[in-house]
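Provided below are the primary sequence and the corresponding predicted coordinates.
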Amino acid sequence: MNVTEMPDDAAAPVAEAVRPREKAFHRLVRALRHRSLRVGLIICVVLTTLAAAAPLLVTADPSAQNPMLTFAPPSWAAPMGTDAYGRDLFARVLYGARTTMLASLCVVVLGSVLGTIIGLVAGYFGGIFGFCIMRLVDLLLAFPGILLALSVTAILGPGLGHGVIAIATVLVPVYARMVEGATAEVRNLPYVKAAVALGAGPTWIILRHILPNVLSGVIVLTTTWLGIGALWITALGFLGLGVQPPEPELGTILNDGQNYISLAWWITVCPGVFLSLFVIGTNLVGDGLRDEIDPTLAPR
């Protein structure tokens, strides 16, 4: 019987079997009571708001040079001082943070979507097909992440888009391994077997019954990798493989300031503190979500 033709009364027992098991919305509401999650959310919201509102908060052009104001210390006129070219560091950090955060978001979206699809397919079908896919995943996981990212970037060439693809390449097998293990476990549960007995096809079962059960783990991993992705985007920018000067990005700003750290510490410290706070915030959110909505850690 075609999946789309499955009668509602036949699908009802399966839906009822899933509903008590998965209450993601209620778990999310409960998660907001978690102290670490609340603190992490506050940090992330404040930093994201500052970066998103950069055009409203600063009037200076982040790339405009002023040789008369080189290495100016932090002041009311320039809250984070200026760099070696007299550029306003506050404007550069906010605009650079926008680039870093957006690139990190693209990394986790691309990596999570592709990795989840691969993990669902390999975990559900299994057999020689799933075995071959997961051996390829294990091969990618065997490489150190940063080495794999640098290798992909070296092949594609420098640039923000290529950096996103490189880091997403590292992230795909991480998601695939996690989702494959959860899918292989869920596919043997009674309600999945009931759906198969009722004539549901693989697509229906994967999307309707398996994906909701592995989604919480994907969400937890995504929040954690938002911060890690920002670190790696910054690392590529610092090495000259990401955003190219004079465009502002946290990695390029740190690279500019490394030669003047004893003369103008603020060029390195200000973007470093901003990045550190963002990573701390995303990790706190990830820890809170893991404690509250990860089914492997939820109270029985």
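Nice, I can see it.

what helices or strands is the longest helix that the chain contains leaning on?
Looking across the chain with DSSP state H, the single longest helix is helix 89-125. When contacts are defined as 3 or more Cβ pairs under 8 Å, 6 or more residues apart in numbering; DSSP states H and E, helix 89-125 sits against helix 35-52, helix 54-57, helix 127-142, helix 160-186, helix 202-205, helix 211-238, helix 250-257, helix 266-293. (Each C-beta comes from the backbone N, C-alpha and C, glycine too.)

repeat that with 6 Å
In terms of contacts (3 or more Cβ pairs under 6 Å, 6 or more residues apart in numbering; DSSP states H and E), helix 89-125 is packed against helix 35-52, helix 127-142, helix 160-186, helix 211-238, helix 250-257, helix 266-293.

so which of the ones you listed comes closest to residue 120?
helix 160-186 (5.5 Å; Cβ to Cβ).

name the helices or strands packed onto the closest one?
Secondary elements touching helix 160-186 (3+ Cβ pairs under 6 Å, 6+ apart): helix 89-125, helix 127-142, helix 145-156, helix 211-238.

I'd like the next helix or strand past it.
helix 190-197 (DSSP states H and E).

mind listing what's buried along that following helix?
Applying a neighbour-count criterion of 16 or more other Cβ atoms under 10 Å, one finds 191-192, 194-195 buried in helix 190-197.

which one of those residues is nearest residue 244?
residue 192 (49.4 Å).

the residue lying farthest from the centre of the chain: what secondary structure?
When distances are taken from the C-alpha mean of the chain, residue 68 lies farthest, 40.3 Å away, according to Cα atoms, centre = their mean. Each residue gets one of three states, and residue 68 gets helix by DSSP: H, G, I helix; E, B strand; the rest coil.

what pLDDT is listed against the nearest residue to it once chain neighbours are set aside?
Leaving aside its chain neighbours, residue 68 sits nearest to residue 86 (6.5 Å; criterion: Cβ to Cβ, 6 or more residues apart in numbering). Residue 86 is assigned a predicted lDDT (pLDDT) of 91.

doesn't residue 86 fall inside a strand?
No - read with three-state DSSP, residue 86 is coil and lies in no strand.

thought it was touching residue 64?
No - look at residue 86 against residue 64 with Cβ atoms under 6 Å: they stay out of range, at 8.3 Å.

of these two, which one has the most company?
residue 86 (16 against 12; other Cβ atoms under 10 Å).

tell me who's in contact with that one.
When the contact criterion is Cβ atoms under 6 Å, 6 or more residues apart in numbering, the partners of residue 86 are 65-67, 69-70.

how does it look with 7 Å?
Counting by Cβ atoms under 7 Å, 6 or more residues apart in numbering, residue 86 touches 65-70.

what's the closest of these to residue 184?
residue 65 (57.2 Å).

just how off-centre is stretch 174-181 within its chain?
15 Å (Cα atoms, centre = their mean, to the nearest Å).

brain fart, stretch 109-120
In terms of Cα atoms, centre = their mean, the centre of stretch 109-120 is found 12 Å from the chain centre.

what comes up buried for that stretch?
110-112, 114-120.
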